[in-house]
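Undergrad: Generate coordinates for the sequence data below:
(one chain, ligands or ions: 1)
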Amino acid sequence: LTLAAPAAFMRRAIRLALGARHRTSPNPTVGCVVVRDGEVVGEGVTQRVGGPHAEVEALRAAGERARGGDVFVTLEPCCHHGRTPPCTDAIVAAGVRRVFAGVIDPNPVVAGKGVRLLESAGIETHVGLLDAENRRLIAPFRRYVTNARPWITLKAGLTLDGCIATASGHSKWITGEAARRDAHRLRARADAVMVGVGTALADDPQLTVRMVKGEDPLRVLLDSALRVPTAAALMGRGTLVFHAPEVSDERRRAVAATGAETQAVPRAAGGGLDLQAVLGALAGRGLVSVLVEGGGRLHGSLISAGLADEACFYLAPKLVGRGLPVLDLPSVATVGEGWSLDEVETRRLGQDVRVRGVIRYPVAPRSSED
Ligand SMILES: NC(=O)c1ccc[n+]([C@@H]2O[C@H](COP(=O)([O-])OP(=O)(O)OC[C@H]3O[C@@H](n4cnc5c(N)ncnc54)[C@H](OP(=O)(O)O)[C@@H]3O)[C@@H](O)[C@H]2O)c1
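TA: Sure, this is the predicted structure:
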């Protein structure tokens, strides 16, 4: 390890953060490594809300060995008294020589102040090591603090001809076991999973984490008229059902009697519930990331509202003919007017292929006079 470049230590900090996803919301997921004489002397990740931040954990582990050493941290250290004391104080007190921070904190109460504070305390500070990786890591938190809504990932298992179900609505199972296990892993990392009532009625999903170890996320259902049967598998504690304001008290009480929570939100002008209101309510509960598991109508309306951030599609080598499309959306006129994915990652899972990327929205075509 003695000759390892700074990038290797930052990569280690990123790996620590990736292992802690979800457990820290609404705090950002941060990893930190303290290095002295080319050797890792302390590591830390942000703990649950109210617990110590990554830097404090890592410095505590390093103890006296942090003096004169380097700190590699995926996000700019915080400089404000939130639920815990400022990390910059801990770094200064530890006598660290240099700090390598991945990205500037998008949270307006920090936003560069942490770095300036460290510099004015005489600590050499560098920002931007492994910039792309660190930006990707902080993207959900950036969305949460800048747009007051969670990061939205659309997830679906589809046939090679782009369907999530046959025309009759049959969808079990399009993908194989490895892909389904991977999808459970995504669930375990999300703060919430969300479906439309069409999916709840057709598939009766449980939306719990089963094929891997992990905690169940909050289950969220969009159901304007509360059509969901009270015996549905996703009903019960740990479920939040959004509905339109005018549902009968009797119906709402029946859903609430299962242990599920209900919340009224306005209807959208074009039908269904107002998605901004839904996502704002989820952010209000401190939820930073939501995995949307269908169906096509919900995916379609999130895309057309410009609210879907990322797609994670599992493509199975199956063909079903004219079935239900993964996005129930009117077609665009030309391919250029459609959407594309950036930062694309592909992974083979058994016979299936996972394609994941950040959704890039088309820019309105400029008129010739421009
Ligand atoms: N292969 C896969 O990965 C996968 C995953 C999921 C589902 N599926 C399949 O997809 C089918 C169900 O999809 P679907 O498109 O019919 O239903 P859906 O998207 O699950 O649910 C749509 C319904 O949700 C409610 N909703 C409330 N607000 C909404 C909003 N803003 N935008 C969109 N919907 C909103 C609406 O009903 P109200 O107006 O009554 O509220 C709407 O009809 C099933 O056949 C299922 O098997 C496949």
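
Undergrad: Show me where this protein dips below the pLDDT cut-off.
TA: Residue ranges of the chain with pLDDT under 70: 1-4, 364-370.

Undergrad: partner residues bridging the residue positioned nearest the centre of the chain?
TA: By C-alpha atoms, centre = their mean, the mean C-alpha position of the chain lies nearest to Ser289, the distance being 3.3 Å. Under DSSP bridges, the beta-bridge partners of Ser289 are Trp151.

Undergrad: mind listing the helices for the stretch 51-200 of the chain?
TA: Ranges of helices within the stretch 51-200 of the chain are 54-62, 87-93, 113-120, 131-147, 177-189, 197-203, based on DSSP state H, counting those that start in this stretch.

Undergrad: Just name the most buried of those helices.
TA: Across the helices of the stretch 51-200 of the chain, averaging neighbours per residue (mean count of other C-beta atoms under 10 Å) puts helix 54-62 on top, at a mean of 25. C-betas here are computed from N, CA, C, even on glycine.

Undergrad: I'd like to check what contacts stretch 47-65. Which residues are they?
TA: With contact meaning C-beta atoms under 8 Å, 6 or more residues apart in numbering, stretch 47-65 is reached by 13, 16-17, 23-27, 30-34, 36, 41-46, 66, 69, 71, 73-74, 77-78, 83-84, 87, 90-91, 94, 96, 286.

Undergrad: rerun that using 6 Å as the cut-off
TA: 23, 27, 30-32, 34, 36, 41-46, 66, 73, 77, 83, 87, 90, 94 (C-beta atoms under 6 Å, 6 or more residues apart in numbering).

Undergrad: Of those residues, select the buried ones using a PyMOL command.
TA: Selection of the buried residues among those in PyMOL, burial being defined by 16 or more other C-beta atoms under 10 Å:
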select buried, resi 23+27+30+31+32+34+36+41+42+43+44+45+46+66+73+77+87+90+94
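
Undergrad: Might you report the residue contacts of the residue nearest to Leu75 when sequence neighbours are not counted?
TA: In this structure, Leu75 finds its nearest non-sequential neighbour in Val30, 4.8 Å apart by C-beta to C-beta, 6 or more residues apart in numbering. The contact partners of Val30, taken as C-beta under 6 Å, 6+ apart, are 17, 46, 54, 74-75.
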